[in-house]
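Here is my input, please return the structure:
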Amino acid sequence: MSHALAAFYAGLHREHLDTGGFLYESWELTLKQPCLDLARLAELEQRLEAHVDALVLAGEAALPALREAHGGEPGARYLAARTLCRLGQAGELRDLMTALGEAGPAEQLAVLRGLDEDMPTAWSESLGRNLGTAEPALRPFYLRLAARRRLALPADWPIWWAESADCREALAFAAGRMPGADAVLERLAAGEASGGLARAMARAGRLSDVLRVQPPPHPEALLHLAIAGSEAAFDTLAGQSSQPAALVALGLLGDTRALPLLLSLLPEPALGGAAAWGLRLITGLAPWERVFLPEAVQPALLFPEEGRRYHELGEVPRSADGRPFGQNVERLSRDPTRWREAMPAFTPGLRYRAGQPATPGALLAPLIEAFWPQELRRLALDELAARHGWDGGGEADMPVQALRRRQDAWRQELEALPHSAGAWHTRN
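Take a look at the predicted model:
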């Protein structure tokens, strides 16, 4: 191959990494949207896949560009991880992961996602066997990877406990997902408080430990009380109705006694959004509205005349067309009348999720339906683990196509679990 042709292909490989990296960033931004558009997410994943395929087709010729990605942006590392897995380049992949020792959380998460998608089973099994020999700086990363792949904990995990706070947080993440983690949970229960610790306890259905580690009115505690608690949790959550997390938690609890309270709070500026999501969790309704949200004024950044008019007359800065700065957004309606008019009838005493009695299969709704926030998608999986001891082996950020391939099988598994439609079920 001529030098000019080699340079052309090298540039092409870098372009695939750059463009794919930009698509990964767009995918991440989409994932963080208040109403997650699964169709948009699937489109971005399909376009990302095309760049991975192109790099795989290039074979070893793409390795120089992939090596440059070792210290690059999260998206480039994500593509590199997936490509090296598909090419069978175990040594190159080790180098990519070694470079994560000095990387930040965003870079580590990108590589985790890439490996979770494409790491060969044999490599995954080898990782599980050799987890105890991992480099100390990368132990949290390897623990999270092993947890996402549902491998067993290393036998010497107590030594890891003393490594760092990040290592303990990774152990907490793993304990909520790995088999045979009872001893870790016991150690967690006696250890320091953290969000990861509380989530692990919630997934294990250990509500008393959750509330000891992170008691109300902590927002996370309110959510965990909803996903692992009983009917008795209603009074505690209703008593914290000045907190947005409590209103979402009431929706997760699915108790229809919450409906009048949630409807009454819709017009409240600080609570209306959370109340609307609580209502959607129970009723399944989604009355959308388009509203203009003005941009918050930062007085220190105003020009002198703008500042004078703002302070003396209360006038906000405006664009050239005379309108205040801001944006139009789609959101769940804050009009109680619209909700009441569309409200179906509910059977008192039953739990509801998205308008259906809260069977295990119905709890999947926020994960598999469009236009739910990512946090509620994560909590759907946590609740299934907490209430029913079910773990589908996936995470809330899994690719849409992978989710769609699994969802029918997941529903069948869940509806086969012992349950009474909409009845209260806890593991406590």
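
Show me the helices in the stretch 51-200 of the chain, by range?
Ranges of helices in the stretch 51-200 of the chain, per DSSP state H, counting those that start in this stretch, are 63-68, 74-87, 90-98, 105-118, 121-129, 139-148, 157-161, 165-175, 182-189, 195-203.

Now for residue 255: which residues touch it?
Applying CB atoms under 8 Å, 6 or more residues apart in numbering to residue 255 gives the contacts 231, 234, 282, 351. Where you see a C-beta, it was placed from the backbone N, CA and C, and this is true even at glycine.

Could you say which one of the helices of the stretch 51-200 of the chain comes nearest to residue 346?
When the helices of the stretch 51-200 of the chain are compared by CB to CB, helix 195-203 sits nearest residue 346, at 26.1 Å.

what comes up buried for stretch 8-20?
Neighbour-count burial for stretch 8-20, counted by 16 or more other CB atoms under 10 Å, picks out 10, 13, 14, 16, 17, 18, 19, 20.

Ok, stretch 61-76 next?
62, 63, 65, 66, 69, 70, 72, 73, 74, 75, 76.

which residues sit against it?
Residues contacting stretch 61-76 (CB under 8 Å, 6+ apart): 9-10, 13-14, 16-18, 20-25, 28, 55-56, 77, 79-80, 83-84, 89, 92, 95-96, 99, 106-107, 109-110.

Separate out the buried members of those residues.
Buried among the contacts of stretch 61-76 (16+ other CB under 10 Å): 10, 13-14, 16-18, 20-21, 23-25, 28, 55-56, 77, 79-80, 83-84, 89, 92, 96, 99, 107, 109-110.

what about the closest residue to residue 132 other than its chain neighbours, how many residues close to it?
Leaving aside its sequence neighbours, residue 132 sits nearest to residue 154 (CB to CB, 6 or more residues apart in numbering; 4.0 Å). Residues lying near residue 154 (other CB atoms under 10 Å) number 22.

give me every residue that touches residue 154.
With CB under 8 Å, 6+ apart, residue 154 has these contacts: 131, 132, 160.

same question, residue 340
residue 263.

ditto for residue 394
So residue 394 contacts 381, 402, 403, 406 (CB under 8 Å, 6+ apart).

follow-up on the earlier one: who wins for neighbours among the contacts of residue 154?
Those, ranked by neighbours (other CB under 10 Å): first place residue 160, 24 neighbours.

That one reaches residue 166, doesn't it?
No: applying CB atoms under 8 Å as the test, residue 160 and residue 166 come out as separate, 10.7 Å apart.

mean confidence for whatever helix or strand residue 339 lives in?
Using DSSP states H and E, residue 339 sits within helix 336-342. Taken as a whole, helix 336-342 carries a mean pLDDT of 97.

I'd like the next helix or strand past that helix.
Following helix 336-342 in sequence, per DSSP H and E, is strand 352-353.

Contacts for that following strand next, please.
By CB under 8 Å, 6+ apart, strand 352-353 touches 254, 256, 281, 282, 283, 284, 346, 358, 362, 363, 365, 422.

contacting residues for the nearest residue to the second one once chain neighbours are set aside?
Just to be clear, that refers to residue 256. Nearest non-adjacent residue to residue 256, counting by CB to CB, 6+ apart: residue 346, 4.5 Å away. For residue 346, the contact set (CB under 8 Å, 6+ apart) comprises 256, 259, 352.

in the helix or strand harbouring residue 50, what counts as buried?
In the assignment (DSSP H and E), residue 50 maps to helix 38-58. Within helix 38-58, the residues scored as buried using 16+ other CB under 10 Å are 38, 41, 43-45, 48-49, 51-52, 54-56, 58.

Reformat those residues as a markdown table; add distance to residue 250 and pLDDT.
Formatted as a markdown table, these follow (distance: CB to CB, whole Å; pLDDT from 0 to 100):
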| residue | distance to residue 250 | pLDDT |
| --- | --- | --- |
| 38 | 25 | 95 |
| 41 | 28 | 96 |
| 43 | 34 | 97 |
| 44 | 33 | 97 |
| 45 | 33 | 97 |
| 48 | 37 | 97 |
| 49 | 40 | 97 |
| 51 | 43 | 97 |
| 52 | 42 | 97 |
| 54 | 48 | 96 |
| 55 | 47 | 97 |
| 56 | 48 | 97 |
| 58 | 53 | 95 |
